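1. Return a 3D structure for these sequence lines:
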Amino acid sequence: MLSKRIIPCLDVRDGKLTKGVKFKDNVDIGDPVETARHYYEQGADEIVFYDITASSEGRGIFLDVVERVASQIFIPFSVGGGINSVADMRAVLVAGAEKVSVNSGAVKNPDIISEGAAAFGSQCVVLGMDVKRVDKSERIPSGFEVVIHGGRKFTGMDALEWAKTGEALGAGEICLNSIDADGTKDGYDLDLTRLVSKSVRIPVIASGGAGNPQHMADAFTTGKASAALIASIVHYGQYTIRQIKEHIANQGVQMRMVW
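-> Numbering: from 1, shown residues only. I've put the predicted structure just below:
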C-alpha cells in the first residue's frame, strides 16, 4: 500500500506567501522560500506552489521564486499558475520543479495536458481543479462546477466529467480544491473528494478546508484521497507536520515518517 502524502500549499502573490478564505480577502503572511524549507525540514512529503494571480493577470509565473524554493527543498515540488503552453511547463521544470499544475490553461486548451504528458511524462502533469457546489442540472449533473481564474470565472463544466477527461488526456494526478471549503478549517468537501477519487484511476489530492489532523484522516478514509493539501493549519502554527502525521498514522493509515 502506498503511503498517503501530506502536502503544504504555498499560495504566492507578488512574490509573498499569502492566504485567504474561499479565494477572497488574502493577506500576506510570510516568505515562501523560508516557509518551504521549514516544511521540508518538518517532514512534508511534497510542496505545492501556486502563483495565484498569474492567470487572472495574464502573465507568466514568477520563475525567480520557483528557483529559490527549489534550491532549498529536496522533495517533490509542484508549481502552478499562469501555465498555458508546453514552453511554460518546460520553463517551470527547468527552474527546479518536478511537477507542473495546469488549471485555467487546461480548461482553455485541454491539449496542453496531452502535449505536456508526451513531452515530460504523465507523472509531471497535475490537473488542478477549483470547484464550487452548484444546483444539479442537466449541464452540471454532479452538482460541482469547475471555476477558473482564481475562482473568478464559472466555466459551465461539470467537475466530474472534467476529471475523467483530464485523466484520459494524460494527467498523472488531480489536485481537487473546494472553493466552498477553502480556508474555512471546517474540513474537506468529502462528497466531492470521494466522488472524483472513486471515478478516476489516478491519484487525487484533497484540497481546501483542513482545520485539524482528523480532517486529513477523513480525506484518506472517507474521501479516498491519495494526498491532502494543507495551508492555514500549518501556516499559522496550529499544528506541525509531525503532529498531523502521527495522528493519522495512529488510525492505521500508512504515512511516511522521516524523523
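
2. Quick check: closest non-adjacent residue to Trp162.
-> Val146 (5.2 Å; CB to CB, 6 or more residues apart in numbering). C-beta: built from backbone N, CA, C; applies to glycine.

3. OK, contacts around that neighbour?
-> Each residue near Val146 by CB atoms under 8 Å, 6 or more residues apart in numbering is listed here: Val107, Met129, Asp130, Val131, Thr155, Met157, Asp158, Ala159, Trp162.

4. Throw those into CSV and include pLDDT and secondary structure, thanks.
-> As requested, the contacts of Val146 are exported to CSV (pLDDT from 0 to 100; DSSP: H, G, I helix; E, B strand; the rest coil):
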residue, pLDDT, secondary structure
Val107, 96, helix
Met129, 96, strand
Asp130, 94, strand
Val131, 97, strand
Thr155, 96, strand
Met157, 97, strand
Asp158, 98, strand
Ala159, 98, helix
Trp162, 98, helix
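
5. Now render these as a markdown table, adding neighbour count.
-> Converted to a markdown table, those look like this (neighbours: other CB atoms under 10 Å):
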| residue | neighbour count |
| --- | --- |
| Val107 | 22 |
| Met129 | 28 |
| Asp130 | 27 |
| Val131 | 28 |
| Thr155 | 17 |
| Met157 | 19 |
| Asp158 | 22 |
| Ala159 | 27 |
| Trp162 | 23 |
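
6. what are the ranges of the helices in the stretch 51-200 of the chain?
-> In the stretch 51-200 of the chain, the segments counted as helices under DSSP state H, counting those that start in this stretch are 54-57, 63-70, 86-94, 104-108, 111-120, 159-169, 190-197.

7. closest to Asn250 out of those?
-> Closest to Asn250 of the helices of the stretch 51-200 of the chain, according to CB to CB: helix 190-197, at 20.2 Å.
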